[in-house]
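> attaching a predicted model along with its sequence, questions to come.
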Amino acid sequence: MPLHEALKLVEMQELDLVEVAPEAQPPVCRMMDYGKFRYIQRKKSQGAKKKQTFVAVKEVKMGSRTDPHDLIYKVSNIRRFIERGQRVKVSVFFRGREITHPELGKRMLDGVLTQVLDIAKLDISARLEGRNMSMLLTPK
């Protein structure tokens, strides 16, 4: 329909003429209440934001000389976080000259991994970052 006819029709019905596909030949337009259209679009985007789930990364820190009993407690916390569907970053920090023995931290992280391997998988393997060695676990 010619533009002047479409504009007359829109004016009679008190609506807006919105160009939907400007690339098409001829361009495609639609008669609508533009304010209502924007309101509906905003509500849809808010609904999509509500349905999003934010996956938090929990971090469990331990020293390179953490006692075995404390390690059992920390592993139980890691298991609880993973069962909830959260990702867990396990960090071993080194104090003072402990940094000269990173194999102790690696051994500790490997021990933690073997204890939670039934419910978790290794996402990022153990790596040294400054004075910390860390790995990332995700639920299976």
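Cool, the structure landed.

> quick check: next helix or strand after the longest helix anywhere in the chain?
Determined from DSSP state H, the single longest helix within the chain is helix 34-51. Heading C-terminal from helix 34-51, the first helix or strand you meet, by DSSP states H and E, is strand 57-63.

> flag the shaky bits of the chain, pLDDT-wise.
Along the chain, no part satisfies pLDDT under 70.

> would you map the helices across it?
Under the criterion DSSP H, the chain contains helices at 3-13, 34-51, 68-83, 102-116.

> if we can go back for a sec, other residues contacting the longest helix of the chain?
Residues from elsewhere that reach helix 34-51, judged by C-beta atoms under 8 Å, 6 or more residues apart in numbering: Asp16, Val18. Where you see a C-beta, it was placed from the backbone N, CA and C, and this is true even at glycine.

> break the protein into its domains for me.
Domains of the chain are assigned by automatic domain parsing as 3-49, 57-139.

> can you list these in TSV and add mean neighbour count?
Below are these laid out as TSV (neighbours: other C-beta atoms under 10 Å):
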stretch	mean neighbour count
domain 3-49	11
domain 57-139	15
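
> center of the protein - which residue?
The residue lying closest to the centre of the chain (C-alpha atoms, centre = their mean) is Val55, at 4.8 Å.
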